[in-house]
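Trainee: Could you look at this predicted model? Sequence included:
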Amino acid sequence: MSYFGPPSSVKETFALGPFLAPRIWTGLWQLSSNAWGSAPAARIRQGMLRHLTSGYTAFADHYGSAEILFGQFRASLPAPEGVIGATKWCVFRPTVPSRAIVESAVRERMQRMRSTSVDLLQFHWQDYSDKAYLTALQILQDLQHEGLISAVGLCNFDAIRTDEICTQLGPGFIVSNQVQFSLIDTRPLHGMADVCEKHNVKLLTYGTLCGGFLADKWLHRPNLTCTPYLDMILKAWGDWSLFQNLLAVLRDIGNRHGGLGIANIATRWVLDHSFVGAVIIGARLGVSEHPDDNQKVFGLRLLEEDNRAIEEVLARSNGRRMITTIGDCGAEYR
């Protein structure tokens, strides 16, 4: 298992295939568009270094120039083998996954990330009715045996297909599934959790801070911004008044734990589920980063009274019905 960085800075880790990974990852999806705020490549690499020296040894996602910038950064390190780079192969159109097509996709990522193998390749397949995703994954398994991939995970697969894949391709092959999971979106509790425990798969969760809405800046604020996450809060989960109640409860819990932020409490709640390996927190590298604040999660242990107060709010929401109104994990993208 590989590790890089000051041991004292990493408070929690978990096994992910051949890696010992931190339980908070740095998400690079905000490099996909200048709408998030942009910075020169050199400043972005400096941001990556700040995260790394704080113990954030895992970086995820392939959007925009993320793979290229990450590859440049890792290649500049004295011990690049200790940094985990997770990327994706997403198949959105009907595809016959031949060996040549699958290997080409993997080698493209190796080239962009300047690596002799892909650390974690996360696979997304759009159309479940086309069972060729099993063929594609079988080829990825072959490529893993040949050393081109260290670990294979899924991205936005539901519980039924995750169970099918793990059963057909055997134990230990699929190590993770990247899905949305938060205090607002609790769908993984309804089926996915059992599949993960059955097959020893860990979730890598995104949307855990609900696009930034699970934060102190939204407490006692009017509803001003329209985003997909806000749409989920207002149309699927509950309403703005109930959401304000949730923020107030999280603020009270943070006060009881020495003034920790709402985001810290929301992140800890997700990490406290045994089937969760890590939370992926997006960072606008070189623009807006919170590595020091995110570290506070590792010293936090939610009490029974904390979880009870949270559950009292969640029980008044539509959270438990979202598995039927939206569908299982990843259904919102299909």
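Mentor: Nice, thanks for sending it over. These numbers come from a predicted model, not from an experiment.

Trainee: Pull out the buried residues from stretch 14-25.
Mentor: For stretch 14-25, the buried set under the neighbour-count rule, 16 or more other CB atoms under 10 Å, comprises 16-17, 19, 21-25. C-betas here are computed from N, CA, C, even on glycine.

Trainee: Check the separation of the first and last residues in it.
Mentor: 12 Å (CA to CA, to the nearest Å).

Trainee: tell me the mean pLDDT for it?
Mentor: Mean pLDDT, stretch 14-25: 96.

Trainee: number of nearby residues for the nearest residue to Ala136 once chain neighbours are set aside?
Mentor: Using CB to CB, 6 or more residues apart in numbering and skipping the chain neighbours, the partner closest in space to Ala136 is Pro97 (3.8 Å). Residues lying near Pro97 (other CB atoms under 10 Å) number 20.

Trainee: these two touch, right, Pro97 and Lys131?
Mentor: No - checked against CB atoms under 8 Å, the pair Pro97 and Lys131 is beyond contact range at 10.9 Å.

Trainee: and stretch 317-331, how far apart are its ends?
Mentor: Start-to-end, stretch 317-331 (CA to CA) is 20 Å.

Trainee: got the buried residues of stretch 14-25 as a markdown table, with secondary structure and distance to Leu303 columns?
Mentor: Shown next, in a markdown table, are the buried residues of stretch 14-25 (DSSP: H, G, I helix; E, B strand; the rest coil; distance: CB to CB, whole Å):
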| residue | secondary structure | distance to Leu303 |
| --- | --- | --- |
| Leu16 | strand | 29 |
| Gly17 | coil | 33 |
| Phe19 | strand | 32 |
| Ala21 | strand | 27 |
| Pro22 | strand | 24 |
| Arg23 | coil | 20 |
| Ile24 | strand | 21 |
| Trp25 | strand | 26 |
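
Trainee: and which of those is nearest Gly170?
Mentor: Of all the buried residues of stretch 14-25, Gly170 sits closest to Gly17, with 14.0 Å by CB to CB.

Trainee: what sits against that closest one?
Mentor: 120, 150-151, 175 (CB atoms under 8 Å, 6 or more residues apart in numbering).

Trainee: And Arg268, how far from Ile326?
Mentor: Arg268 sits 25 Å away from Ile326, going by CB to CB, to the nearest Å.

Trainee: which one of those two has more residues nearby?
Mentor: Remark: of Arg268 and Ile326, Arg268 carries more neighbours, 21 against 18, as counted by other CB under 10 Å.

Trainee: May I ask which helix or strand of this protein has the lowest mean pLDDT?
Mentor: helix 291-295 (a mean of 78; mean pLDDT, DSSP states H and E).

Trainee: Dig out what Lys88 forms beta bridges with.
Mentor: Beta-bridge partners recorded for Lys88 (DSSP bridges): Gln122.

Trainee: Surely it touches Ala66?
Mentor: No - contact status for Lys88 versus Ala66: not in contact, 10.0 Å apart, counting by CB under 8 Å.

Trainee: of these two, who's got more company?
Mentor: Ranked by neighbour count (other CB under 10 Å), Lys88 and Ala66 place Ala66 first, with 25 against 22.

Trainee: Apart from its neighbours in sequence, what residue is nearest the more buried one?
Mentor: Leu28 (3.8 Å).

Trainee: So that neighbour sits against Asp61, correct?
Mentor: Yes - the pair Leu28 / Asp61 is scored as a contact, 4.6 Å apart, by CB under 8 Å.

Trainee: about what we covered before: with only the CA atoms kept, save the least confident helix or strand of the chain in PDB.
Mentor: Provided in PDB are the C-alpha atoms of helix 291-295 (Å, rounded to 0.1, in the frame of the first residue of the first chain):
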ATOM      1  CA  PRO A 291      -7.900  22.100   3.300                       C
ATOM      2  CA  ASP A 292      -7.300  23.200   6.900                       C
ATOM      3  CA  ASP A 293     -11.000  23.500   7.700                       C
ATOM      4  CA  ASN A 294     -11.800  20.100   6.200                       C
ATOM      5  CA  GLN A 295      -9.100  18.500   8.400                       C
END
